[in-house]
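S.K.: the sequence and its predicted three-dimensional model are supplied below.
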Amino acid sequence: MSQGTNFVDYVKISCKSGKGGPGSAYLHRDKKTSMGGPAGGDGARGGHVIVRGNAQLWTLLHLKFKKHVFAGDGGAGGATMKSGKMGRDEILEVPLGTVAKDSETGEILFEITKDGEEQIIMEGGKGGLGNSHFKSSTHQTPRYAQPGLPGDEAWKILELKVLADVGLVGFPNAGKSTLLSVITAAKPEIGDYPFTTIVPNLGIVSYRGHQSFIMADIPGIIEGASEGKGLGFRFLRHIERNAVLLFMVPADTSRTIKEEYEILLSELTAYNPELLQKPKIIAITKMDLLDDELQKEMKKQLPKNIPSIFISSIANKGLMDLKDMLWKAIND
């Protein structure tokens with residue numbers, strides 16, 4: 001599959017949980033007892049629809065065409081106090097960072113952040129009680145039992161927000177994919193044209209002492225992205241989950257470094273002002289195009305309150321220092 005089709009970060013699914021099984025109104029009978037008391041078992045609960053985290057997944061692609069999911073109904077209570085068989089649960093496995101929402105209200109129901117974590121998105125109906133629960137001193141042989149409760153049915157939204165330690169932020173052709181391909185094993189598509197990256201890419205950056213951290217290449221932002229221009233804000237939500245933001249500005253930009261950084265920052269702020277609270281680093285890419293004198297001139301343009309570094313992914317310059325800066329920012 002191409003890069004554009006195998007990353008899915010939003011699905012809407014109709015979920016139907018199972019109905020509870022009815023309780024039994026059985027009265028005990030055997031060859032020695034012709035008129036025994038109540039001995040009806042309880043009905044079982046209906047199956048839940050459950051969302052489970054899976055660290056091996058990175059997309060919701062496997063759920064893209066799964067528009068309807070149905071859990072099993074609970075079994076009816078049986079004779080001699082036998083309970084019904086539990087309804088089959090329907091499990092939806094999702095990547096870490098998946099948020100479940102109600103389709104009607106937009107309310108956030110829960111978020112999956114750990115491997116193996118399970119949350120019930122649609123609860124199965126409760127099973128009915130058997131007639132043995134209704135026996136009393138004045139009513140020795142109740143001939144009725146509870147019916148099971150119906151299951152629920154509703155549309156739910158699963159939305160993936162990529163979890164990463166470092167998020168790469170920059171205009172198209174800022175060198176984000178190149179950096180990711182050089183310092184991780186990720187193989188993003190790289191080309192000399194805008195919007196080469198059209199979905200987020202993740203890679204694991206190896207660091208000193210066998211340590212590592214996760215880096216995410218978020219698709220390029222343009223002016224007006226927060227208003228829906230270009231690829232719009234569809235992928236800006238992935239930046240919310242990154243611990244550190246690495247702003248990448250190419251040395252051959254037509255603006256000043258400070259101007260480009262401030263445009264990027266304003267787009268993120270327009271989308272979510274809380275992003276301003278995240279640690280930020282500026283990397284000036286393609287430093288192999290600069291001589292020492294140009295670098296000195298460019299340093300004067302840099303914002304004073306943000307750590308910055310000159311790097312070249314192609315020439316492998318400044319990358320270890322960049323890793324050190326990122327590691328410090330992640331662990332501060």
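M.R.: Thanks, I have the structure now.
S.K.: test my guess that residue 54 contacts residue 97.
M.R.: No - counting by C-beta atoms under 8 Å, residue 54 stays clear of residue 97, with 11.4 Å between them. Where C-beta positions appear, they are placed from N, C-alpha and C, glycine not excepted.
S.K.: how about the nearest residue to residue 243, chain neighbours excluded?
M.R.: In space, not counting the residues next to it along the chain, residue 243 is nearest to residue 165; the distance is 5.0 Å by C-beta to C-beta, 6 or more residues apart in numbering.
S.K.: which parts of stretch 263-274 are buried?
M.R.: Using 16 or more other C-beta atoms under 10 Å as the burial criterion, the residues of stretch 263-274 that qualify are 263, 264, 265, 267, 268, 271.
S.K.: restricted to strands, list the residues you listed.
M.R.: In this view, the buried residues of stretch 263-274 have no member that belongs to strands under DSSP state E.
S.K.: using a markdown table, lay out those together with distance to residue 250 and pLDDT.
M.R.: Conversion of those to a markdown table gives the following (distance: C-beta to C-beta, whole Å; pLDDT from 0 to 100):
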| residue | distance to residue 250 | pLDDT |
| --- | --- | --- |
| 263 | 14 | 86 |
| 264 | 12 | 86 |
| 265 | 17 | 86 |
| 267 | 17 | 79 |
| 268 | 18 | 81 |
| 271 | 23 | 76 |
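S.K.: looking at these, which is nearest residue 36?
M.R.: residue 271 (69.4 Å; C-beta to C-beta).
S.K.: residue 77 and residue 45 touch, don't they?
M.R.: No - Residue 77 is beyond contact range of residue 45, at 11.8 Å (criterion: C-beta under 8 Å).
S.K.: these two: which is more packed in?
M.R.: Using other C-beta atoms under 10 Å, the more surrounded residue of residue 77 and residue 45 is residue 77, with 29 against 26.
S.K.: OK, contacts around that one?
M.R.: Residues near residue 77 by C-beta atoms under 8 Å, 6 or more residues apart in numbering: 21-24, 40-44, 83-84, 127-128, 130, 145.
S.K.: give me the sheet partners of the host helix or strand of residue 245 and which way each runs.
M.R.: Per DSSP states H and E, residue 245 falls inside strand 242-250. Strand pairing for strand 242-250, using DSSP bridges, gives strand 164-169 (parallel), strand 280-285 (parallel).
S.K.: how about the helices in the stretch 201-332 of the chain?
M.R.: 236-239, 257-271, 292-301, 319-331 (DSSP state H, counting those that start in this stretch).
S.K.: need the ones you listed in TSV with distance to residue 119, can you?
M.R.: Output for the helices of the stretch 201-332 of the chain, formatted as TSV (distance: least, C-beta to C-beta, whole Å):
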stretch	distance to residue 119
helix 236-239	20
helix 257-271	27
helix 292-301	48
helix 319-331	27
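S.K.: out of those, which is the most enclosed?
M.R.: Most buried of those, by mean neighbour count (mean count of other C-beta atoms under 10 Å): helix 236-239, with a mean of 22.
S.K.: which parts of the stretch 51-200 of the chain are helices?
M.R.: Secondary structure of the stretch 51-200 of the chain (DSSP H, counting those that start in this stretch): helices located at 176-183.
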